[in-house]
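Q: Sequence and computational prediction follow.
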Amino acid sequence: MTGGTHQHRDDELCDTGLVLYARALREGYVSSGEVSSTPCLVDLGFLHPCIDDLDRLEPVAPAVVLQRLLRSSEDRIADERRRGQRLADVFEPLMRLGTRNAADEDTRALRILSSKERTGQAIEEAMAEGRTELLAIQPHDPRVSRRPDILEGAIKRDQDFLDRGARIRALYQHTMRHAPYARARYEHLTGDVEARTLDEVTERLIVVDRTVAFIPASADRSLALEVRHPALIAYFVNTFDRLWHLATPMHPQAVHQPTLNGITPRQRAIAALLIEGHTDSDIADRLGMNVRTARVHIAKLAATLGSESRAQLGYLISESGVLRQKGLDQ
C-alpha cells in the first residue's frame with residue numbers, strides 16, 4: 001500500500017487510477033506529474049514511459065495488462081495449493097502417531113470423526129452453536145445431485161444459521177455454476193450468503209465462527225478431522241480468504257468471463273493440466289466433471305487449435321499462447 005489517502009491492495013487499481021488510465025487510453029498519454037498520486041498505474045504496469053518524451057506516460061493495451069494480472073492470480077492459486085499439500089504432508093504422520101496424553105485432554109485441538117454420519121452430526125452441532133460466520137470450500141460431490149434429502153438438510157441447516165444473523169461464504173469449482181442443485185440451494189436461502197467459484201479448489205473445508213474447522217482425514221472422506229487449534233484455524237481462514245479474492249462471483253450476482261479466441265476458460269484450465277501431463281481421468285477429477293465431459297472439451301480444444309494427435313495438442317497449446325491468457329470459467 002502507498003501512503004496518504006492512496007491506500008488499497010498492492011495488486012489492485014484504485015478508482016482514481018482507473019479514471020486516469022481510461023483518459024490515457026483515449027488521449028494516448030498522460031504527463032508524468034499526473035500519476036504522482038496514483039503510483040499503482042506504474043507499479044502494476046498500466047503505464048510506461050514514452051520513448052520520445054520521458055515526461056509522458058503511454059498506456060499499455062488493456063488485454064496485455066489483463067493477461068499479466070490473470071497470470072499472477074494463477075501463480076498465487078498454485079502457491080496456496082502447494083502450501084496446503086505441505087501442511088497435509090507434515091500432519092499425516094503426526095495424526096497416525098498421536099499420544100496418550102493428547103487423547104486424554106478434555107479439550108482437544110484435533111479429533112478424528114470416525115464416520116460420515118458422525119462428521120455430519122459434528123458439523124450440525126458446531127453450526128447450531130455458531131453465531132457469526134461459516135466459511136466453506138466444497139469440491140464437486142456427485143452424491144448431492146442424487147440425494148435430494150442431503151440438499152434439503154443442508155438448506156435447512158444453512159437457513160437456521162443465517163436466521164441468527166450469521167453470514168455464509170462458500171467456494172466451489174466452476175462446474176457447480178450451472179448445477180441445478182447448486183442453484184436450488186441458493187435460491188432457497190435468504191440472508192447474508194455469497195458463493196464464488198474457481199477452476200480448482202482444495203479438499204473440503206468448513207470453518208465455523210473461526211473457532212472450529214472440519215477437513216477430510218481419508219481419501220474417501222469417510223473419516224474427518226475436527227480442528228480447534230487456533231494456529232491451524234488461522235491458516236485455514238487465511239487460505240480461504242486468498243482463494244476467495246481470486247474467485248469469480250456465482251451468487252448473489254454471477255460474473256462471467258468471455259471466451260477468448262474461440263477457447264473457453266474451461267478449455268484453458270484443461271489445457272494447463274494437459275501440459276502438466278495429466279490423464280483425462282485426472283483432469284476430470286480435479287476440475288469436478290465426469291471423464292466424458294472432459295474428453296468433449298479436449299476434443300473441442302484440439303479442433304480449435306487444429307491438432308490431430310495428443311502429442312501435437314500439447315505442442316500447439318505451448319505455441320498458441322493459450323495459457324498466457326488463462327482466465328476464469330463462465
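A: Yep, it's here.
Q: Helix or strand with the lowest mean pLDDT in the chain?
A: Of all the helices and strands that make up the chain, helix 100-104 has the lowest average by mean pLDDT, DSSP states H and E, namely a mean of 50.
Q: Tell me where the model's unsure across the protein.
A: 1-12, 96, 98-107, 141-149, 181, 254-261, 322-330 (pLDDT under 70).
Q: buried sites along whichever helix in it runs longest?
A: If you go by DSSP state H, the chain has its longest helix at helix 62-97. Across helix 62-97, burial judged by 16 or more other Cβ atoms under 10 Å covers Val65, Gln67, Leu69, Leu70, Ser73, Glu74, Ile77, Glu80, Gly84, Phe91. All C-beta spots, glycine's among them, are computed from the backbone N, C-alpha and C.
Q: What segments of the stretch 51-200 of the chain are strands?
A: 56-59, 110-113, 133-138, 167-173, 192-198 (DSSP state E, counting those that start in this stretch).
Q: Tabulate those strands in a markdown table, adding columns for distance to Val296.
A: Shown next, in a markdown table, are those (distance: least, Cβ to Cβ, whole Å):
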| stretch | distance to Val296 |
| --- | --- |
| strand 56-59 | 40 |
| strand 110-113 | 38 |
| strand 133-138 | 24 |
| strand 167-173 | 17 |
| strand 192-198 | 20 |
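Q: Mind putting these into a markdown table with distance to Glu308 and mean neighbour count?
A: Listed next are these as a markdown table, based on distance: least, Cβ to Cβ, whole Å; neighbours: other Cβ atoms under 10 Å:
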| stretch | distance to Glu308 | mean neighbour count |
| --- | --- | --- |
| strand 56-59 | 41 | 20 |
| strand 110-113 | 51 | 17 |
| strand 133-138 | 39 | 20 |
| strand 167-173 | 30 | 21 |
| strand 192-198 | 32 | 20 |
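Q: Burial check on Gly120, number of neighbours?
A: Each residue near Gly120 was counted by other Cβ atoms under 10 Å, and the total is 17.
Q: and it, how far is that from Arg108?
A: Distance of Gly120 to Arg108, computed by Cβ to Cβ, to the nearest Å: 19 Å.
Q: try Gly33
A: Separation of Gly33 from Arg108 (Cβ to Cβ): 61 Å.
Q: higher neighbour count, the two?
A: Taking other Cβ under 10 Å, Gly33 and Arg108 do not tie; Arg108 has more neighbours (14 against 9).
Q: was I right about that one contacting Arg228?
A: Yes - the pair Arg108 / Arg228 is scored as a contact, 7.1 Å apart, by Cβ atoms under 8 Å.
Q: Could you list the domains of the protein?
A: For the chain, automatic domain parsing gives the domain ranges 15-60, 67-251, 265-325.
Q: contacting residues for Val212?
A: Listed by Cβ atoms under 8 Å, 6 or more residues apart in numbering, the contact set of Val212 reads Ala126, Glu226, Val227, Arg228, Ile233.
Q: Tell me what it is bridged to.
A: On the basis of DSSP bridges, Val212 is bridged to Val208.
Q: so how far is Arg221 from it?
A: 18 Å.
Q: And Arg86, by the same measure?
A: 21 Å.
Q: go on, Asp192?
A: Separation of Asp192 from Arg221 (Cβ to Cβ): 28 Å.
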